[in-house]
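Engineer: requesting a structural model of the entry that follows:
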Amino acid sequence: MAAPFSRFRFATAAAFCFAGGVLFASGMDWTKISWAQSTSGNRPAVSARGPMGPEGLSSFADIAERVTPGVVAVNTTRSVRPRQNQLRGRAPQGMEDFLEQFGGPQPRQQRGEGSGFIMSADGYIVTNNHVVADADQVSITLSDGRTFRAKVVGTDSTTDVAVVKIDAKGLPTLNIGNDEATRIGEWVLAVGNPLGLDFTVTAGIISAKGRGQEINLPNAGNFTISDFIQTDAAINPGNSGGPLINMRGEVIGLNSAIASQTGFYSGYGFAIPITLVKNVTDALITDGRVRLPVMGVSVTRIDPEDAGINGLSRVAGVKVAGFNPADGGPAKAAGIEVGDVIITVDGKPVERVSSLQRIVRSRRVGDRIPVEVMRFGSKKRFEVRLVEAENTARLAVNTASPDAAANPSAGKLGIAVEPLPADIAARLRTNGRGVRVSEVTDDGPAREKLAAGSDVVLAILYPTPRRDVRSVSDLQAAVAGLKDGDYVSLLVQSLDPRLGQRVVNIRVGG
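Structural biologist: Numbering: from 1, shown residues only. Model prediction:
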């Protein structure tokens, strides 16, 4: 009886040693993905199931199997001509001028990769603008391995949406969902071709909706969208243009950007809402271009002081900071003024900038829409006729180097101001208006509201009546009668071209 017992103890000890070895290797980070190379042979069936979904889709595996055939890989080539000075230093000494006689640096081919999904059985495919922009050649690879040369039907840089077409019939398509009905916390899948790994599926949840200005996208312009779905499903380079899928197997977003300091996944990605994508793709297929409807306003998000000065119980709405073009536009013609807080458009609540964009972009150029604003406690209603963005000029702001002088103080605001130097006034075209903020106290009510050296106060919007600020004494007189708890609203011009003109509401004693 002793021998079997010894064998049992030996087997038990071996098992513990094996388990301990695995834990040790894991703790030492020896079990990296580099060990997970593919092997031949059949894989065992996986018994664990993912979250239950409606309409018979019981797991992530069911959804992935259903949607992957409708996802494509997008490969591009671009001709990039090196700059002339790149040749120098690479050629043998003394040969640069001789070689440049033969045409200088020759163009090289730059390759790019992205994703897309099939939107019609006859070969229309949606992807990102930044995937195919300026490409000399676009090719599409289907999940079954077939490859096609693609034609770019149209692109829209403001939404980062593009449509390409391949010559094929009977293609599998994806169902389009409703991103407006999705809720934060719902499960989603991202499907695409990240880092050259074709048709990869990752899972996560909807982390937020209506993301935009905080993302700080590169090359963003006045009309760039700020209405993204945020997800923690892993999105990496190559995922761009792929679909974001809900638990019904429907597309609710077009993966477009990642939040990362390295260019690779670090926690969050962003997708363009499919309702917006659908509007853009329909226009691109029908007209070859997008007519972008706008109200002709520059807006910013509001803060508690903005809400307080306008008698709002919630910090919700967008603040009118200026007009496009600066001397007119449909919103200004309708009666809207700088400093107004837009609370509803077309009967729908406006919570933030992305809300306004979504509502306006769902309408057509030429439509007349009702707009409700709060103007320092009074609700006003206007009707604004939407115009096409291409006909709306952008605000231009020049920069100037600030001087470091501190002059008389508008003490109740916690700032010091100085006369505006003539050269800066000429550059900003202030028409005699403006004093420059030269100092902002760390514990005053204007902290984090105004920037010393780079902000110019142009006008006082509230307390009424509205009046221009043409001197330091103008501003001092305007705030002299304010007491703790009162509000003041200032029209401010920044010397930073990224900020431009804005409305700053300050609570005295705040």
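Engineer: tell me the secondary structure at residue 307.
Structural biologist: Of the three states, residue 307 takes helix according to DSSP: H, G, I helix; E, B strand; the rest coil.
Engineer: residue 298 versus that one, what's the distance?
Structural biologist: With distances defined as Cβ to Cβ, to the nearest Å, the gap from residue 307 to residue 298 amounts to 20 Å. Backbone N, C-alpha and C define where each C-beta goes, glycine included.
Engineer: next: residue 237.
Structural biologist: Plainly put, residue 237 is 33 Å away from residue 298 if you go by Cβ to Cβ.
Engineer: kindly report the same for residue 314.
Structural biologist: 23 Å.
Engineer: of the two, who's got more company?
Structural biologist: Taking other Cβ atoms under 10 Å, residue 314 and residue 298 do not tie; residue 298 has more neighbours (20 against 10).
Engineer: would you say that one is within a strand?
Structural biologist: Yes. Secondary structure assignment (three-state DSSP) places residue 298 inside a strand.
Engineer: how many other residues sit next to the closest residue to it other than its chain neighbours?
Structural biologist: Counting by Cβ to Cβ, 6 or more residues apart in numbering, residue 322 is the residue found nearest to residue 298 once chain neighbours are left out, at 4.1 Å. By the measure other Cβ under 10 Å, the count of residues near residue 322 is 21.
Engineer: can you confirm residue 322 is in a helix?
Structural biologist: No. Counting by three-state DSSP, residue 322 falls outside a helix, being strand.
Engineer: report pLDDT for it.
Structural biologist: Here, the pLDDT recorded for residue 322 equals 88.
Engineer: swap in the one 10 residues further on?
Structural biologist: The model reports residue 332 with a pLDDT of 93.
Engineer: enumerate every residue touching it.
Structural biologist: For residue 332, the residues meeting the contact criterion (Cβ atoms under 8 Å, 6 or more residues apart in numbering) are 296, 323.
Engineer: that one falls within a helix, correct?
Structural biologist: Yes. Assessed with three-state DSSP, residue 332 lies in a helix.
Engineer: and the strands in the stretch 301-450 of the chain, which stretches?
Structural biologist: Counting by DSSP state E, counting those that start in this stretch, the stretch 301-450 of the chain has strands at residues 318-323, 341-345, 348-349, 368-375, 378-385, 387-388, 409-410, 415-419, 435-440.
Engineer: comparing the ones you listed by mean pLDDT, which bottoms out?
Structural biologist: It's strand 409-410: among these, that one has the lowest mean pLDDT, namely a mean of 48.
Engineer: separation between residue 445 and residue 77?
Structural biologist: As defined by Cβ to Cβ, residue 445 lies at a distance of 57 Å from residue 77.
Engineer: of the two, who's got more company?
Structural biologist: With other Cβ under 10 Å as the criterion, residue 445 and residue 77 differ in neighbour count, and residue 445 comes out ahead with 21 against 14.
Engineer: so which of the strands of the stretch 301-450 of the chain gets nearest residue 189?
Structural biologist: Ranking the strands of the stretch 301-450 of the chain by proximity to residue 189 (Cβ to Cβ) places strand 348-349 first, at 29.5 Å.
Engineer: need the residues that contact the closest one.
Structural biologist: Taking Cβ under 8 Å, 6+ apart as the criterion, the residues outside strand 348-349 that touch it are 316, 343, 355, 359.
Engineer: quick one: the third one from residue 338, how far?
Structural biologist: Just to be clear, that refers to residue 355. When Cβ to Cβ is the yardstick, residue 355 and residue 338 sit 20 Å from each other.
Engineer: again, but for residue 376
Structural biologist: Using Cβ to Cβ, which is the criterion applied here, residue 376 is 12 Å from residue 338.
Engineer: common neighbours of these two, please.
Structural biologist: Residues touching both residue 376 and residue 338 (Cβ under 8 Å, 6+ apart) are residue 461.
Engineer: ok, these two, which is more surrounded?
Structural biologist: Counted by other Cβ under 10 Å, residue 376 and residue 338 do not tie: residue 338 has more neighbours, with 21 against 17.
Engineer: which ones are touching the closest residue to residue 185 other than its chain neighbours?
Structural biologist: Excluding the flanking residues, the one nearest residue 185 by Cβ to Cβ, 6+ apart is residue 205, at 5.6 Å. Applying Cβ under 8 Å, 6+ apart, we find residue 205 in contact with 184-188, 231-233.
Engineer: fine, thanks again, bye for now.
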